[in-house]
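A.B. asks: Pasting the sequence and the predicted model now:
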Amino acid sequence: MADKRFTGVIPPVVVADTPDGKLDIASYERSLERMIDAGVDGLFVLGSSGEVVFSTDERRDQIIAESKRIIDGRVPMLVGIIDTQTERVIEQGKRALELGADALVATAPFYALCGPEQVEAHFRAVHEALDAPLFAYDIPVCVHSKLGWKMLARLGAEGVLAGVKDSSGDDVSFRYLIQENAKLGHPMSILTGHEIVVDAAYLMGADGSVPGLANIDPYGYVRMWGYAQAGEWKKAIEEQERLNELSHIFDVTSGVTGYGAGVGAFKTALMLMGIFDSNAMLPPVAAQEGENVEAIRGVLDACGML
């Protein structure tokens, strides 16, 4: 059966930066403490929301070490070991385990794009080299490879994968994966990365969620998980719809795309809420400013978050 340490609400942690590109430890600690106090079931460090691919090895190590210190064993810490090539991923994984990771999260290799056979070999090699639960992170918009549900189910049945974090947007593939995982005895934890349809994912049988918006409102996602566990689906839907109003921090801005629109909105919201001291982004991504900051403030105010 799937490892119960890796179920429920596991936010992908947004990292606080100073305007000169250093880790803002005080702001980062406030954010992590707030999510833990809200009752999250784990924290995913160095995912896409954590700007993992923009981070030097030194910065990655610092984020993992500070996260480990702050979390202090209260919830599991999943760490992204996302890189372009298998040996680089294994190297990241070894360092993450030395620094205290409880589980590892890897995408398909990227830049030198691979076919499905090479992607499967990649996950097998990473599993063989690293003695820790391994999650496959399906995010084709960033790595340009869609992880096939049959391959994922096969790797789960063989013990290569402990779980899947699905941010593919492919609800058909996600449903097939959940169904096949159940047929195989539920060897993997299947987590959705889509914060807008978490209630639907739970109804399908997902084991939890990895919602970036939980950095802004962890309490709502924790409540929704509780409602789903209790079978109170009307309340779960109502909570999801309330959170969806908050998600408009993504679409009220103009002139920004990609990380600047998504993670940039998270950082701006956290700054406006007094959790982060700055909404600084790592280059080349620019921080939100001017009218965009005010637009996000309007959404937060309308949702009672200020």
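C.D. replies: Cool, got the structure.
A.B. asks: quick one, strands of the chain?
C.D. replies: Listed in chain order, the strands of the chain (DSSP state E) span 8-9, 43-45, 77-80, 103-106, 134-138, 163-166, 189-192, 208-209.
A.B. asks: so which of these comes closest to residue 280?
C.D. replies: strand 43-45 (18.7 Å; CB to CB). Placement of C-beta: from N, CA and C, glycine included.
A.B. asks: Switch the strands of the chain over to JSON lines, and while doing so, append distance to residue 220 and mean neighbour count to every line.
C.D. replies: JSON lines is the format used below for the strands of the chain (distance: least, CB to CB, whole Å; neighbours: other CB atoms under 10 Å):
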{"stretch": "strand 8-9", "distance to residue 220": "10", "mean neighbour count": "24"}
{"stretch": "strand 43-45", "distance to residue 220": "17", "mean neighbour count": "28"}
{"stretch": "strand 77-80", "distance to residue 220": "21", "mean neighbour count": "30"}
{"stretch": "strand 103-106", "distance to residue 220": "24", "mean neighbour count": "26"}
{"stretch": "strand 134-138", "distance to residue 220": "24", "mean neighbour count": "26"}
{"stretch": "strand 163-166", "distance to residue 220": "20", "mean neighbour count": "28"}
{"stretch": "strand 189-192", "distance to residue 220": "15", "mean neighbour count": "27"}
{"stretch": "strand 208-209", "distance to residue 220": "11", "mean neighbour count": "26"}
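A.B. asks: Same list (those strands) but as a markdown table, adding mean pLDDT.
C.D. replies: What follows is those, written out as a markdown table (pLDDT from 0 to 100):
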| stretch | mean pLDDT |
| --- | --- |
| strand 8-9 | 98 |
| strand 43-45 | 98 |
| strand 77-80 | 98 |
| strand 103-106 | 98 |
| strand 134-138 | 97 |
| strand 163-166 | 98 |
| strand 189-192 | 98 |
| strand 208-209 | 98 |
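A.B. asks: Residue 173: what's it in contact with?
C.D. replies: 146, 148, 149, 166 (CB atoms under 8 Å, 6 or more residues apart in numbering).
A.B. asks: do residue 82 as well
C.D. replies: 46, 47, 52, 53, 89, 92, 105, 106, 107, 137.
A.B. asks: Among the strands of the chain, which comes closest to residue 32?
C.D. replies: Once the strands of the chain are compared by CB to CB, strand 43-45 is nearest, at 6.6 Å.
A.B. asks: That closest one - contacts with which helices or strands?
C.D. replies: Where contact means 3 or more CB pairs under 8 Å, 6 or more residues apart in numbering; DSSP states H and E, strand 43-45 is packed against helix 25-38, helix 57-71, strand 77-80.
A.B. asks: Kindly provide the distance from residue 131 to residue 6.
C.D. replies: Here the criterion is CB to CB, to the nearest Å. By it, residue 131 lies 16 Å from residue 6.
A.B. asks: sorry, back to before: and the furthest pair within the contacts of residue 82?
C.D. replies: Between any two of the contacts of residue 82 (CB to CB), the greatest distance is 14.2 Å, for 47 and 89.
A.B. asks: All the helices of this protein, residue numbers only.
C.D. replies: Under the criterion DSSP state H, the chain contains helices at 25-38, 57-71, 86-98, 116-129, 140-143, 149-157, 171-183, 198-204, 218-229, 233-246, 258-261, 263-272, 291-302.
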